[in-house]
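Engineer: Kindly generate the corresponding structure for this input.
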Amino acid sequence: MTLSVNLPTRLVRDFYSGRQSSDRPVISFELFTPKTGEGDRKLIEHTLPELIGLKPDYVSVTYGAGGSTRTKTLTLVDLIQRRYGLTAMAHLTCVGHTKSDIAGILEEAKSLGIRNILALRGDPPVGQETFSKPEGGFEYSYQLIQFIRSSGNFCIGTAGFPEGHIACRQGKVVDWGYLKNKVESGADFILTQLFFDNADFFRFRDHMVQKLGVTVPICPGVLPILSAKQIARFTKLCGARIPDRLQARLELLASDDDGAREFGIEQATEQCEELMREGVTGLHLYCLNRAQSVSGILRNLGLSGV
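Structural biologist: Residues are numbered from 1 along each chain as shown. Just a heads-up that it's a prediction; the model follows:
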């Protein structure tokens, strides 16, 4: 396939600030970098064209669990921007990096025309239960944000946790205070971790805006359910709560992945509808490198291909 000669120049923050209608939130997808050559081929040849056809405003590309596929992130972001002319954002974590390493990654991003970075502390490397500061690196994501801010004209996103970060033992209100610090350190917008009860998001958003005075866009992250096992694994990793009514339905679908996927589309549609009624600036969909569920959700919302 011929590569596009025109790189997009839009910053993610401009999508949110330029949103024209409350009926049309900014739509973004999160992709992950596959661990195998076959996974790469399937994503690039099949899944990406399907997802691009849904006309998201931008996509983001993860850094791999524990940084395990980090060398692929900039390559995939560059491919998306050049081949499809679509704004793409690279995730970047503190895991396993010195400050010099980070500086080199940012210079490479600049050379490729990558201007959007989601700055994260990152999950512990494979085989480690807890995160430890790399020698010569950063311990907290706010430090990474400060470093990126001082390194050039990047648009920087950060992560927010409506139920509090799983590693913050002082509770969610304390964690939300840490998030304000990340914004004050230079973050331009917030993407949230997955959640299943919108009340958790609304409490979080209202606290950030009304109590802490945060003014940057706060975009909810929504994960479509693919199977009962998948959602149990994800919620264990991030600490998200499964409401009782949702848990009861998943138990009935424990051995029916097709049924769980269809229910996931229905459940995520209802979740997004309520979020849109409450005026969210965007919807960030964790698509897990699959197009079927997000396609169904956007079609149900009347946002497919608009």
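Engineer: When you work out contacts or count neighbours from here on, use the C-alpha atoms and nothing else.
Structural biologist: Noted.
Engineer: Have a look at this protein and report the helix or strand with the lowest mean pLDDT.
Structural biologist: helix 228-238 (a mean of 88; mean pLDDT, DSSP states H and E).
Engineer: Contacts for that one next, please.
Structural biologist: If you take CA atoms under 8 Å, 6 or more residues apart in numbering as the criterion, helix 228-238 is touched by 165-166, 193, 225, 241-242, 250-251, 253-255, 257, 260.
Engineer: One more: stretch 104-112?
Structural biologist: 74, 78, 115, 148, 151.
Engineer: try 10 Å
Structural biologist: 7, 71, 74-75, 77-79, 81-82, 90, 92, 97-103, 113-117, 148, 151-154 (CA atoms under 10 Å, 6 or more residues apart in numbering).
Engineer: Narrow those to those in helices?
Structural biologist: Of the contacts of stretch 104-112, the ones assigned to helices by DSSP state H are 71, 74-75, 77-79, 81-82, 99-103, 148.
Engineer: top of these by neighbour count?
Structural biologist: Val77 (28 neighbours; other CA atoms under 10 Å).
Engineer: Now the two most distant members of the contacts of helix 228-238.
Structural biologist: Greatest spacing in the contacts of helix 228-238, by CA to CA: His165 and Ser255 (30.5 Å).
Engineer: Which of these two has more residues huddled nearby?
Structural biologist: Comparing His165 with Ser255 by other CA under 10 Å, the one with more neighbours is His165, at 20 against 13.
Engineer: From Tyr178, how far out is the more buried one?
Structural biologist: 10 Å (CA to CA, to the nearest Å).
Engineer: Over to Phe147?
Structural biologist: 17 Å.
Engineer: Tell me which stretches of the stretch 1-150 of the chain form strands.
Structural biologist: With strands called from DSSP state E, counting those that start in this stretch, the stretch 1-150 of the chain shows them at 26-31, 58-61, 87-93, 116-120.
Engineer: want to throw those strands into JSON lines with mean pLDDT and mean neighbour count?
Structural biologist: Formatted as JSON lines, the strands of the stretch 1-150 of the chain follow (pLDDT from 0 to 100; neighbours: other CA atoms under 10 Å):
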{"stretch": "strand 26-31", "mean pLDDT": "97", "mean neighbour count": "22"}
{"stretch": "strand 58-61", "mean pLDDT": "97", "mean neighbour count": "23"}
{"stretch": "strand 87-93", "mean pLDDT": "96", "mean neighbour count": "26"}
{"stretch": "strand 116-120", "mean pLDDT": "97", "mean neighbour count": "24"}
